[in-house]
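Undergrad: The following comprises the amino acid sequence and a computationally predicted model.
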Amino acid sequence: MVSVAKGDIPVGLDLGGHEYEITPELVREYSAGVDDHHAWYAGPSAFGGSVAPALILHSEVYKFGRWYLPNIWGNLHARQEFELFAPIPVGEGVSTRSLIVDRYMKRGRDYVVNEVQVLDAGGRLLSRGRTHQSFVQERPQEGAAVDKEREKRSDRRFETGAGAYEEEIAPLEKTVTLEMCRTFSAGKSYHNDAEEAKKLGFPDIVVQGMMPVCFLSELMTRRFGEGWYAGGRMDVRLVNVLWGGDGVATARGVVREYTPSGERRRAHCEVWVEKRDGTKVIVGTASAVV
């Protein structure tokens with residue numbers, strides 16, 4: 001067992017687990033929170049019966065206490081990784097487990113990496129997610145933690161989709177509403193209330209970073225289906241804030257190359273989410289088996 005001093009968040013800290021039944025109601029709540037109503041969620045799928053969205057437990061990591069650093073002012077979701085191994089049939093039970101797997105510092109921020117595993121009733125690993133959460137090391141005397149002008153700086157502009165690629169994935173446009181934010185992020189917080197956002201150093205509602213991550217999962221589900229649910233991978237960085245007032249966000253991607261994967265192939269994709277003006281919110285990679 002890892003020895004833990006009061007207030008410390010060491011690598012190896014085991015935060016325990018939870019158990020869930022993946023009910024139709026839980027699936028409908030997910031669908032409402034991201035406006036994703038894929039036919040597989042309520043009807044037949046490539047796996048036979050209905051399956052839950054691939055990231056149905058997208059925010060399970062935030063249901064574990066004791067892993068945030070004391071200064072939550074200006075904290076941000078910085079990077080997200082997912083590995084998918086098998087779908088969850090609607091109506092089945094699953095369990096989760098949370099473990100701190102890394103700590104590092106970069107550009108004045110302290111990062112904590114929390115890995116959450118999802119397992120079926122027999123103990124089979126269904127998915128693994130790693131959430132990199134960043135915290136300011138010292139709160140400034142004045143000013144916001146992140147202002148809306150930051151994304152206009154040259155170092156916050158990201159080129160995507162350039163150069164040769166095998167295929168452009170059909171884009172997925174989303175209109176992010178306050179109601180979606182309230183459904184996706186339960187309880188009053190800086191993810192759905194402007195006053196709460198100001199308390200934590202933000203000028204507007206900060207749309208929870210997992211929401212555009214889920215947009216990318218829907219993009220990959222639509223294109224690759226079964227090969228996303230069983231073999232999907234994602235590694236993305238949340239590079240700019242999607243504000244509550246931004247409205248429209250579009251998930252995009254291109255297939256860069258195919259490589260052998262046993263008797264099948266793996267499609268390696270560049271993926272991103274952008275605002276109406278082209279500002280990138282998320283950039284990174286994803287892949288699926290075809």
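TA: Nice, I can see it. Residues are numbered from 1 along each chain as shown.

Undergrad: Please give me every residue in contact with the closest residue to N75 other than its chain neighbours.
TA: Sequence neighbours aside, F135 is the residue nearest to N75 in space, at 4.9 Å (criterion: Cβ to Cβ, 6 or more residues apart in numbering). Quick note: C-beta positions are derived from backbone N, CA and C, even for glycine. Contacts for F135 (Cβ atoms under 8 Å, 6 or more residues apart in numbering) come out as 68-69, 71-72, 74-75, 109-112.

Undergrad: ok so F135 is a strand residue?
TA: Yes: assessed with DSSP: H, G, I helix; E, B strand; the rest coil, F135 lies in a strand.

Undergrad: Distance check, it against A78.
TA: Separation of F135 from A78 (Cβ to Cβ, to the nearest Å): 10 Å.

Undergrad: And stretch 190-209, what's buried?
TA: 190-193, 196-197, 201-209 (16 or more other Cβ atoms under 10 Å).

Undergrad: which residues touch that stretch?
TA: Contacts of stretch 190-209 (Cβ under 8 Å, 6+ apart): 59, 72-77, 80, 139, 144-148, 176, 178, 181-182, 184-185, 188-189, 238, 241-246, 282.

Undergrad: Start and end of that stretch, how far apart?
TA: End-to-end span of stretch 190-209 (Cα to Cα, to the nearest Å): 12 Å.

Undergrad: What about the contacts of F135, which are in strands?
TA: 109-112 (DSSP state E).

Undergrad: Looking at these, state which has the most neighbours.
TA: V112 (22 neighbours; other Cβ atoms under 10 Å).

Undergrad: residue ranges with poor pLDDT in the chain?
TA: 1-7, 141-142 (pLDDT under 70).

Undergrad: for it, what's the longest helix?
TA: Counting by DSSP state H, the longest helix found in the chain is helix 210-224.

Undergrad: check which helix or strand covers T250.
TA: strand 248-261 (DSSP states H and E).

Undergrad: partner strands of that strand, parallel or antiparallel?
TA: Note on strand 248-261: by DSSP bridges, its sheet partners are strand 167-175 (antiparallel), strand 264-275 (antiparallel).

Undergrad: List the buried residues in whichever helix or strand comes after the first one.
TA: It refers to strand 167-175. Sequence-wise, the next helix or strand downstream of strand 167-175 (DSSP H and E) is helix 178-184. For helix 178-184, a neighbour-count test (16+ other Cβ under 10 Å) marks 180-184 as buried.

Undergrad: And for stretch 96-110?
TA: Buried-residue list, stretch 96-110, by 16+ other Cβ under 10 Å: 96-100, 109-110.

Undergrad: got the contact list for G284?
TA: So G284 contacts 234-237, 270-272 (Cβ under 8 Å, 6+ apart).

Undergrad: and F158, helix, strand or coil?
TA: Under three-state DSSP, F158 comes out as coil.

Undergrad: could you measure it against P203, distance?
TA: F158 is 22 Å from P203, by Cβ to Cβ.

Undergrad: How about residues contacting stretch 241-249?
TA: So stretch 241-249 is contacted by 76, 146, 148, 151, 173-176, 178, 181, 192, 194, 197, 202-207, 209, 211-212, 215, 273-276, 281 (Cβ under 8 Å, 6+ apart).
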